[in-house]
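Peer 1: dropping a prediction and its sequence here:
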Amino acid sequence: MPRPSHRGKILAEGLKVVHEHGFAGASVRDIVQAAGVPQGSFTNHFASKEAFGLEVLELYFANTREILRDTLRNDALPPLKRLGDYIDWSTSRICLNQTRNGCLLGNFALEASDHSDAIRQRVVEIFAELQQCLEYCLASAVRVGELPADFDCNDVAGFIVASLQGSILLAKAQRSPQPVVRFKHLLFSKILR
């Protein structure tokens, strides 16, 4: 009889550990201890900590993709409402731990991209996908007349990704969602008009 797989449990609990302690700060021992599995289970399922990190990114972003479908890509809602809902979701997500954990994508970009080209490249791809979703939403806003016809959706989408990540980073440092709230206010009052 084959032994039960602990892979899913290691990923789910490991994601929490990495999000709370950072990729470098989360040891394999911490991860398997949180999952309640023997340490050998980690090496049975992951060739390296880098391979584990890539899978943690995928798990985290899979959850985010659901929100992207419900917000930025939800054609049943007015486009700028979708964008506001996405930023509100981002704000509520970082508030789960009093903004201590920030965004796992931004954390990986800061922490792991100097040590792992594979992780760096995957983070770049994920941010590009986020930008595409934002551009889709902004283009929809242009189509329905919420934004002017000459609005540069691609540049503004890139600006939103960078600014939202920056405001989340400040929120993490300040232990306050206020930087994200300020970003949303400025985006809607000064840029999206």
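Peer 2: Yes, it's here. Numbers count the residues shown, from 1 in each chain.

Peer 1: list the buried residues for the lowest-mean-pLDDT helix or strand in the chain?
Peer 2: Within the chain, judged by mean pLDDT, DSSP states H and E, the helix or strand with the poorest mean is helix 40-45; its value is a mean of 91. The neighbour-count check on helix 40-45 (16 or more other CB atoms under 10 Å) flags 41-42, 45 as buried. Where you see a C-beta, it was placed from the backbone N, CA and C, and this is true even at glycine.

Peer 1: let me know the closest of these to Gly53.
Peer 2: Phe42 (12.2 Å; CB to CB).

Peer 1: my read: the closest one touches Val32, true?
Peer 2: Yes: assessed by CB atoms under 8 Å, Phe42 is found in contact with Val32 at 5.3 Å.

Peer 1: what do these two both touch?
Peer 2: Ile10 (CB atoms under 8 Å, 6 or more residues apart in numbering).

Peer 1: picking that back up, restrict the least confident helix or strand of the chain to CA atoms and write it as PDB.
Peer 2: Coordinates of each C-alpha in helix 40-45 appear next as PDB, following Å, rounded to 0.1, in the frame of the first residue of the first chain:
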ATOM      1  CA  GLY A  40      11.800  13.600   4.600                       C
ATOM      2  CA  SER A  41       8.300  14.400   3.100                       C
ATOM      3  CA  PHE A  42       9.700  17.700   1.800                       C
ATOM      4  CA  THR A  43      12.400  16.100  -0.300                       C
ATOM      5  CA  ASN A  44      10.000  13.400  -1.500                       C
ATOM      6  CA  HIS A  45       7.900  16.000  -3.200                       C
END
